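Colleague: would you be able to build a 3D model of this:
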Amino acid sequence: MSNPQHLQYTKEHEWLTAAEDGVSTVGITEHAATALGDIVYVQLPAVGDTVTAGETCGELESTKSVSDLFSPATGEVTEINQDVIDDPASVNADPFGSAWLFKVRVEATDTLLSADEYTALIGG
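Modeller: Numbering: from 1, shown residues only. Now for the predicted structure:
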C-alpha cells in the first residue's frame with residue numbers, strides 16, 4: 001500500500017490535498033478503507049457547512065462497524081462527492097482518487113502528517 005506523497009494526512013486516517021484557489025479535497029486513506037471493510041453508507045457534511053479541524057464531520061458505515069469522519073481542516077464545505085453517497089463501495093475501490101469525500105475552503109488545518117510520517121504511523 002502506497003500513500004501518495006503529494007497529500008497530507010491525519011492520525012485519524014483522512015487525507016487533504018494542497019489548496020487550489022483556497023480549496024482542498026478531503027478523503028480517507030486506503031488503510032482506513034481496508035480496515036473498515038465493505039463500506040455501505042457514507043454521511044458527509046452539507047455544502048455550506050463549516051467543519052472544524054480535528055472534529056467529527058460525518059461517518060462511514062461498513063458491514064463491520066461505523067466510523068467517524070474527522071475533518072483535517074477548518075473551513076466551509078464547498079462541494080461533496082455525490083457519487084460516494086450513491087455508491088459507498090467506491091470508497092473501497094479508489095480512496096485516493098474518484099472516491100474523494102468533500103472539498104473545503106481552508107481557513108486552518110489540524111496537525112498534518114507527510115506521507116512518510118503517515119506510513120510510519122500505520123506501521124508501513
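Colleague: just checking, Asp83 touches Ala93?
Modeller: No: counting by C-beta atoms under 8 Å, Asp83 sits too far from Ala93 to count as a contact (11.1 Å). Quick note: C-beta positions are derived from backbone N, CA and C, even for glycine.
Colleague: anything in contact with each of the two?
Modeller: Residues touching both Asp83 and Ala93 (C-beta atoms under 8 Å, 6 or more residues apart in numbering) are Ala99.
Colleague: may I have stretch 108-117 exported as CSV, CA atoms only?
Modeller: Output of stretch 108-117 as CSV, limited to C-alpha atoms (Å, rounded to 0.1, in the frame of the first residue of the first chain):
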residue,chain,number,x,y,z
ALA,A,108,-6.8,26.4,9.1
THR,A,109,-5.6,22.8,9.4
ASP,A,110,-5.0,20.4,12.3
THR,A,111,-1.6,18.9,12.7
LEU,A,112,-1.0,17.1,9.5
LEU,A,113,1.5,14.3,8.6
SER,A,114,3.6,13.8,5.5
ALA,A,115,3.1,10.6,3.5
ASP,A,116,6.3,9.2,5.1
GLU,A,117,5.1,10.1,8.6
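Colleague: host element of the most centrally placed residue in the chain?
Modeller: Of all residues in the chain, the one closest to the mean position by C-alpha atoms, centre = their mean is Gly27, 2.4 Å from it. Assigned by DSSP states H and E, Gly27 belongs to strand 23-28.
Colleague: where along this structure do the helices fall?
Modeller: 30-36, 82-86, 90-93, 115-121 (DSSP state H).
Colleague: could you dump those helices to a markdown table with distance to Val51?
Modeller: Output for the helices of the chain, formatted as a markdown table (distance: least, C-beta to C-beta, whole Å):
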| stretch | distance to Val51 |
| --- | --- |
| helix 30-36 | 18 |
| helix 82-86 | 16 |
| helix 90-93 | 18 |
| helix 115-121 | 20 |
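Colleague: to Pro4, which of these lies closest?
Modeller: Closest approach to Pro4 among the helices of the chain is made by helix 115-121 (6.4 Å; C-beta to C-beta).
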